[in-house]
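Engineer: model this:
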Amino acid sequence: MKQYTHAWLAFKAIERLEKTVLTTENRKYADSLITWFKTNRDGVIKGAWYPDLVIKDMANSHVLKFIPADQGSNEFSNLPSNYRIYEAGKQSPLYKHFYSVDRHDNLPERCEALAHSVIDNLKMQESEEKGSPLSPTDNHVATILFMLSHYVADAHVPFHCDGRSFSSGCNLHGHVEGEWDDEIRKYYGIDSQTGRFYYNPEGYPLLTADNNYSSSFLKLVDDALDNREFKITWGNNNTNVHDFMYAICQFSYLLSYRFVPAGYDETNVTLNNWQNLPGQSPAFGDLSVMVFTDAIDSIARVWLRTWRRYVKWTQ
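Structural biologist: Modelled structure (predicted):
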């Protein structure tokens, strides 16, 4: 995903937590996180782009590539039952079929490590006296949190989990992500001087071009979130960020093979035929809604559970 997509998803994750129904206990943690985020929100565009701009570990830490195989594992994890990619992935012809995983890729481990780093730095900040050179600043912790959202979002991009090389050939991977970013830039105001979103009165990106917004997949994402329950669970048998992200990657792989069916790859998918491949389902608009809706809930879930773990730890 590209810069404004990552930042927009992060804002939508916090908005999701603010609007959704939570238990009294979780509402306390969510409100604390929301307040903290809004205090540090100006760094989200740069922070959420840091993994691509500065860290540049795209080859292995932004991906977990699955490849269909004749033997190996055919176990697939669970996700929250209302996840769109979970529903769609189970309808893939590769569901329950053998696969191999590129042993060099480590996206789930990267997410787990960053979640721990958020907690560690918050604890260090709390234990050190104000002005201590050892104390992380709020900006530092916020940058780690925003970086975490980047890797979580990337796991939802089907091409990040598909062993086929869609960054070559016509670069379908980059083209699709460009389409997503263009849609956000089309409808949301961005300050040309600072590169930041303009904010609405609630503190979220300001919708400035609402003409035809009702026909945008972004509006369908809003509608989908408004009409589904936010589930704090990782999914049955998943116990942490790592397990959850591994499951996300599995179903992104399955979804990729529905969007670009077997028999097609970087050698025969072109910018002329990529939306009209025989057997393609879902269509690009539906795929976009699936990816964005689930990515927003995933960022919200990972952030909330990480924040909750820190607060509980310090009590």
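Engineer: Please identify the buried residues of the helix or strand in which residue 257 is found?
Structural biologist: Per DSSP states H and E: residue 257 is located in helix 241-259. Applying a neighbour-count criterion of 16 or more other C-beta atoms under 10 Å, one finds 241-259 buried in helix 241-259. Just so you know, the C-beta spots here come from the backbone N, C-alpha and C atoms, and that holds for glycine as well.
Engineer: Helix, strand, or coil at residue 68?
Structural biologist: Using DSSP: H, G, I helix; E, B strand; the rest coil as the criterion, the local structure at residue 68 reads strand.
Engineer: Neighbours of it, how many?
Structural biologist: Around residue 68 there are 16 other residues, counting by other C-beta atoms under 10 Å.
Engineer: quick one: what helix or strand has residue 295 in it?
Structural biologist: Under DSSP H and E, the secondary-structure element containing residue 295 is helix 284-314.
Engineer: ranges for the strands of this protein?
Structural biologist: When assigned using DSSP state E, the strands of the chain occupy the ranges 66-73, 99-101.
Engineer: partners of the last one, with directions?
Structural biologist: Put plainly, it is strand 99-101. Looking at strand 99-101 with DSSP bridges, its paired strands and their directions are strand 66-73 (antiparallel).
Engineer: And for the strand it pairs with, what's in contact with it?
Structural biologist: Applying C-beta atoms under 8 Å, 6 or more residues apart in numbering, the set of residues contacting strand 66-73 from outside is 94, 97-102, 161-163, 249-250, 253, 257, 262.
Engineer: can you check stretch 103-119 too?
Structural biologist: Stretch 103-119 is contacted by residues 57, 59-65, 141, 144-145, 147-148, 151-152, 154-155, 160, 240-243, 245-246, 249, 302, 306-307, 309-310, 313 when judged by C-beta under 8 Å, 6+ apart.
Engineer: Among those residues, the buried ones, what's the PyMOL command?
Structural biologist: Selection command for PyMOL covering only the buried members of the contacts of stretch 103-119, criterion 16+ other C-beta under 10 Å:
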select buried, resi 60+61+62+63+64+65+141+144+145+147+148+151+152+154+155+160+240+241+242+243+245+246+249+302+306+307+309+310
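Engineer: Any idea which of the strands of the chain gets closest to residue 235?
Structural biologist: Nearest to residue 235 among the strands of the chain is strand 66-73; the distance by C-beta to C-beta comes to 17.5 Å.
Engineer: Quick check: buried residues in the closest one?
Structural biologist: Taking 16+ other C-beta under 10 Å as the basis for neighbour counts, the residues of strand 66-73 that come out buried are 66, 68.
Engineer: picking up where we left off before, now the buried members of the contacts of strand 66-73.
Structural biologist: Applying 16+ other C-beta under 10 Å to the contacts of strand 66-73, the neighbour count classes 94, 99, 101, 161-163, 249-250, 253, 257 as buried.
Engineer: Return the distance of the helix holding residue 257 from the chain's centre.
Structural biologist: 12 Å (C-alpha atoms, centre = their mean, to the nearest Å).
Engineer: Kindly calculate the angle that it makes with helix 284-314.
Structural biologist: Between helix 241-259 and helix 284-314, the angle comes out at 180 degrees (axes from the mean of the first three to the mean of the last three C-alpha atoms, to 10 degrees).
Engineer: packing partners for helix 241-259?
Structural biologist: If contacts are counted by 3 or more C-beta pairs under 8 Å, 6 or more residues apart in numbering; DSSP states H and E, helix 241-259 sits against strand 66-73, helix 84-89, helix 107-127, helix 138-154, helix 284-314.
Engineer: Just send these back as JSON lines, with distance to residue 272 too.
Structural biologist: Supplementary listing: the helices and strands packed on helix 241-259 in JSON lines, determined by distance: least, C-beta to C-beta, whole Å:
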{"stretch": "strand 66-73", "distance to residue 272": "26"}
{"stretch": "helix 84-89", "distance to residue 272": "25"}
{"stretch": "helix 107-127", "distance to residue 272": "31"}
{"stretch": "helix 138-154", "distance to residue 272": "27"}
{"stretch": "helix 284-314", "distance to residue 272": "14"}
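Engineer: Quick one: closest of the ones you listed to residue 218.
Structural biologist: Counting by C-beta to C-beta, residue 218 lies closest to helix 284-314 out of the helices and strands packed on helix 241-259; the figure is 7.6 Å.
Engineer: List the buried residues of stretch 121-141.
Structural biologist: Counting neighbours by 16+ other C-beta under 10 Å, one finds that the buried residues in stretch 121-141 are 121-122, 125, 136, 141.
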